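K.L.:
Got a predicted structure plus its sequence, pasted below:
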Amino acid sequence: MPHRALLYATGIPRTEMNKPFIGVATSFTDIIPGHVGMRDLERFIEKGVHTGGGYPFFFGIPGICDGIAMGHRGMHYSLASRELIADMVETIAEAHQLDGLVLLTNCDKITPGMLMAAARVDIPSIVVTAGPMISGHLRGKRLSLVNDTFEAIGKYKKGLLTSSDLDELEMCACPGAGSCQGMYTANTMACVTEALGMSLPGCATAVAVSAKKRRIAFNSGSRIVEMVKKKITPGKIMTRKAFENAIRVDMALGGSTNTVLHIPAIAHEAKVPLSLEIFDEISSKTPHISNMLPGGTQYLEDLEYAGGIPAVFKRLKASLNNVATVSGMKTFDIADKAEIIDSEVIRPLNKAHHKEGGIAVLRGSLAPDGAVVKQTAVTENMMRFKGTARVFNSEEDTMKAILAGKIKPGDVVVIRYEGPKGGPGMREMLNSTATIAGMGLGESVALITDGRFSGGTRGPCIGHVSPEAMEGGPIAVVRDGDTISIDIPKRRLDLLVSEEEIQKRFKTHKALKPKITKGWLARYSKMVTSASTGAVMKT
């Protein structure tokens, strides 16, 4: 009785009390372009839940825009926020004993955080990603955030753009609501979510503020009530075979390297063992069939109009697993109903852009536990590279050197103490990589880090070097002038220094003191695990 009394205080009618209680976790915020359109989608989810015979309760989940947080103290919080998001969804769902969840999300860490929570609480759940932004336009040219703003800084520094050009680009690159327009992390995770079976067909690529996206939101609200009645939980959807499908689609699209952190973290919550090697194994057998930004030229809107993820399913059907999805259809049902509208955007397997998929896992004396590179965004002449180490202990120091013209062709920029513990928070190095590309050094300079990269990074940029410097990995004792060898086809990343010399250096090595010693990031740095295991928290 007291529980019902409190619920009646919210205004719920007596007639609705015995209906399924559906929590709608909404990450609406005014400060993230990918999320500013969610108020509209909330209305349609609410209509759908009522139509399906449930009663919705909305609760807020915070979000961080990686683009706005880039290049300063704010980026320490981005990856770490994934754990907070998962904890918050778990807390509300368990504290109020909700019957089901609709997870309204879009940007980089919010989507994996919500999926982690869905796997953890294992009540019927469905994800609605709010959709990609349409491309920007300036004088007949299409624009995207990363290629036309972050890389513009390097072009300006080199004298290729004027300050007036920068003013115009920053006004036009992002024309409105939605996640950034290429196959960056937010859109990669939306595609992974649909391929995993956790959102309705077409959800990942349906553009923000479209009528189609509204209908998907409505149908998701209606469908979650049916899922509750049929007891369809994430544990029945997010199986080993479903994760294999998600990774295969990711590889075919040339997605963000950040999925190598997020997919294992979601699988960890779903109690599905996934090693780093599974990415390389699937990538080696999956052609890269869509040439998306940043490495290619196509936008998410192009993938949408070409048929979206269902059309990718159709193209990859022979190598996919036929598993259940939240829609009630199996993977093959979705593939069979799909139409490939543009065979240039979603190419046939025998006309793929690359024989292998987007990501390669490298190992060697510099990365005994692995490192990750988006190989489809690396040109052929940089797939093998030897260069001279230029070592920095933070991204800020790196940027000063790049902008001062101190990085030269033949250099390998090494950024360390930016890993999960050392950062803390494993910051993205997009400022550095984009500036190098914008200054025309992308074909002659490599960059490696124990931090990570934005999904918008292109070129010979290797991240997630494990063990990280703060944990005493070999990257901690690299010195200026050392020779570093990168061989992506052979999956090697090596410091060309003798083992005896490495051990000698470790005898006198002293790790840097933690960069952040207060607040919850200090606690995070003590509890977070390696990038090679998804940077999940110790339990």
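P.N.:
Arrived safely.

K.L.:
All the strands of the stretch 101-250 of the chain, in order from the start?
P.N.:
Using DSSP state E, counting those that start in this stretch, the strands of the stretch 101-250 of the chain run over 125-129, 136-138, 141-143.

K.L.:
Next, format those as JSON lines and append mean pLDDT, mean neighbour count and distance to Gly11.
P.N.:
For every residue, glycine as well, the C-beta is placed using N, CA and C. Shown next, in JSON lines, are the strands of the stretch 101-250 of the chain (pLDDT from 0 to 100; neighbours: other Cβ atoms under 10 Å; distance: least, Cβ to Cβ, whole Å):
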{"stretch": "strand 125-129", "mean pLDDT": "99", "mean neighbour count": "30", "distance to Gly11": "24"}
{"stretch": "strand 136-138", "mean pLDDT": "95", "mean neighbour count": "16", "distance to Gly11": "43"}
{"stretch": "strand 141-143", "mean pLDDT": "95", "mean neighbour count": "16", "distance to Gly11": "46"}
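
K.L.:
which residues sit in contact with the spatially most central residue of the chain?
P.N.:
Closest residue to the average C-alpha location of the chain: Thr185 at 3.2 Å, with Cα atoms, centre = their mean. Going by Cβ atoms under 8 Å, 6 or more residues apart in numbering, Thr185 touches 66, 108, 256, 258-259, 454-455.

K.L.:
List the ones among the residues you listed that fall in helices.
P.N.:
66, 259 (DSSP state H).

K.L.:
Nearest to Met171 among the contacts of Thr185?
P.N.:
For the contacts of Thr185, the minimum distance to Met171 (Cβ to Cβ) is 20.7 Å, reached by Asp66.

K.L.:
residues near that closest one, how many?
P.N.:
26 (other Cβ atoms under 10 Å).

K.L.:
Flag the shaky bits of the stretch 51-200 of the chain, pLDDT-wise.
P.N.:
The model of the stretch 51-200 of the chain has no residue with pLDDT under 70.

K.L.:
Excluding chain neighbours, what is closest to the residue nearest to the centre of the chain?
P.N.:
Gly455 (3.7 Å; Cβ to Cβ, 6 or more residues apart in numbering).

K.L.:
Hmm, Ser256 and that neighbour touching each other?
P.N.:
Yes. Using Cβ atoms under 8 Å, Gly455 is in contact with Ser256, at 2.9 Å.

K.L.:
shared neighbours of those two, which are they?
P.N.:
Common neighbours of Gly455 and Ser256 (Cβ under 8 Å, 6+ apart) are 183-185, 188.

K.L.:
For Val412, grab the count of nearby residues.
P.N.:
Val412 - counted by other Cβ under 10 Å - has 25 other residues nearby.

K.L.:
wait, Ile516
P.N.:
Neighbour number of Ile516 under other Cβ under 10 Å is 16.

K.L.:
And for Glu344?
P.N.:
11.

K.L.:
Gly442 too?
P.N.:
Neighbour number of Gly442 under other Cβ under 10 Å is 23.

K.L.:
cool, and Met329?
P.N.:
Around Met329 there are 17 residues (other Cβ under 10 Å).

K.L.:
For the nearest residue to it once chain neighbours are set aside, give me its contacts.
P.N.:
Ranked by Cβ to Cβ, 6+ apart and with sequence neighbours excluded, the top spatial neighbour of Met329 is Pro201, at 7.3 Å. Applying Cβ under 8 Å, 6+ apart to Pro201 gives the contacts 194, 308-310, 325, 327, 329, 334, 338.

K.L.:
Can you tell me which of those has the most neighbours?
P.N.:
Glu194 (29 neighbours).

K.L.:
Flag every buried residue along stretch 28-46.
P.N.:
For stretch 28-46, the neighbour count (16 or more other Cβ atoms under 10 Å) marks 28-29, 32-38, 40-42, 44-46 as buried.

K.L.:
Mind checking which of those are in helices?
P.N.:
Per DSSP H, these map to helices at 38, 40-42, 44-46.

K.L.:
for those, which one is nearest Arg363?
P.N.:
Met38 (41.0 Å).

K.L.:
Is it correct that the closest one is in contact with Val24?
P.N.:
No. The pair Met38 / Val24 is not scored as a contact, 10.3 Å apart, by Cβ under 8 Å.

K.L.:
intersection of neighbour lists for these two?
P.N.:
In contact with both Met38 and Val24: Leu104, using Cβ under 8 Å, 6+ apart.

K.L.:
Let me see the backbone angles for Thr388.
P.N.:
Main-chain dihedrals, Thr388, degrees, to the nearest 10: phi -100, psi 130.

K.L.:
Contacts only, for it.
P.N.:
410-412, 481-484.

K.L.:
Check the residues you listed for burial and list the buried ones.
P.N.:
Buried among the contacts of Thr388 (16+ other Cβ under 10 Å): 411-412, 482, 484.

K.L.:
before we move on, the earlier item: if we take the ones in helices among the buried residues of stretch 28-46, which one ends up nearest to Thr286?
P.N.:
Nearest to Thr286 among these, with distances taken as Cβ to Cβ, is Leu41, at 31.9 Å.

K.L.:
pretty sure that closest one contacts Thr105?
P.N.:
No. Taking contacts as Cβ under 8 Å, Leu41 lies outside contact range of Thr105: 10.5 Å.

K.L.:
and for the two, which residues touch both?
P.N.:
128, 130.

K.L.:
quick one on the thing from earlier: neighbour-wise, which one of the contacts of Thr185 leads?
P.N.:
Asp108 leads the contacts of Thr185 on contacts (other Cβ under 10 Å) with 33 neighbours.

K.L.:
who are the neighbours in contact with that residue?
P.N.:
Counted by Cβ under 8 Å, 6+ apart, Asp108 has contacts 64, 66, 78, 184-186, 189, 258, 455.

K.L.:
go again using 10 Å as the cut-off
P.N.:
Residues near Asp108 by Cβ atoms under 10 Å, 6 or more residues apart in numbering: 32, 34, 63-67, 69, 78-79, 81-82, 179-180, 184-189, 256, 258, 262, 428, 454-455.

K.L.:
Ok, Ala152 next?
P.N.:
So Ala152 contacts 143, 146, 160-161, 165-166, 169-170, 173, 434-435, 438 (Cβ under 10 Å, 6+ apart).

K.L.:
at 7 Å instead, please
P.N.:
By Cβ atoms under 7 Å, 6 or more residues apart in numbering, the contact list for Ala152 reads 161, 166, 169, 438.

K.L.:
Right, I'll call it a day here.
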